[in-house]
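In: below is the sequence, then the predicted model.
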Amino acid sequence: MNSSIKTIIFWAVLICFAVLLWTVLHGHPGKETATLNFTEFMHQVNEGNVKSVQINGTEVKGDFTNKNASFQTLIHRKANRWIRRSKSNSPLSLACSL
């Protein structure tokens, strides 16, 4: 291979690596995730501060309404059994009913 082609490839790889490193270190800030206990979670729901939730087993993840933040918590096993038996399709209404 010609040495000028090798030099171009070297600099292209080096620039790509530098851009990747910059993106990882100074990328866009993601949502701040708060870890709540179940009581704090229910308080946020009752105050109307919860925009959406996803329930997977005993793990609950969701977004707050007035912040660029999300949360995570664990629900009690008894509540988890009740959610599975419920006929409602809205996880937020289920959480509000607990």
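Out: Arrived safely. Remember, it's a predicted structure, so these values are computed and weren't measured experimentally. Residues are numbered from 1 along each chain as shown.
In: which positions within the strand or helix carrying S70 qualify as buried?
Out: Secondary structure from DSSP states H and E places S70 in strand 69-74. Judged by neighbour count using 16 or more other C-beta atoms under 10 Å, the buried positions of strand 69-74 are 70-71, 73-74. The way it works is simple: take the backbone N, C-alpha and C, and place the C-beta from them, glycine included.
In: could you point out which element follows the longest helix along the chain?
Out: For the chain, the helix that runs over the most residues, judged by DSSP state H, is helix 3-26. Using DSSP H and E, the helix or strand that follows helix 3-26 in sequence is strand 32-35.
In: next helix or strand past that next one?
Out: Next along the chain from strand 32-35, counting by DSSP H and E, comes helix 38-46.
In: include pLDDT when you put the buried residues of strand 69-74 into a markdown table, please.
Out: Shown next, in a markdown table, are the buried residues of strand 69-74 (pLDDT from 0 to 100):
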| residue | pLDDT |
| --- | --- |
| S70 | 88 |
| F71 | 90 |
| T73 | 89 |
| L74 | 87 |
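In: quick check, nearest of these to A12?
Out: Closest approach to A12 among the buried residues of strand 69-74 (C-beta to C-beta): S70, at 37.6 Å.
In: what's the distance between the closest one and I15?
Out: Noted for S70: a distance of 34 Å to I15, by C-beta to C-beta, to the nearest Å.
In: report the contact partners of T73.
Out: Contacts of T73 were listed using C-beta atoms under 8 Å, 6 or more residues apart in numbering, and they are 35-38, 40-41, 59-60.
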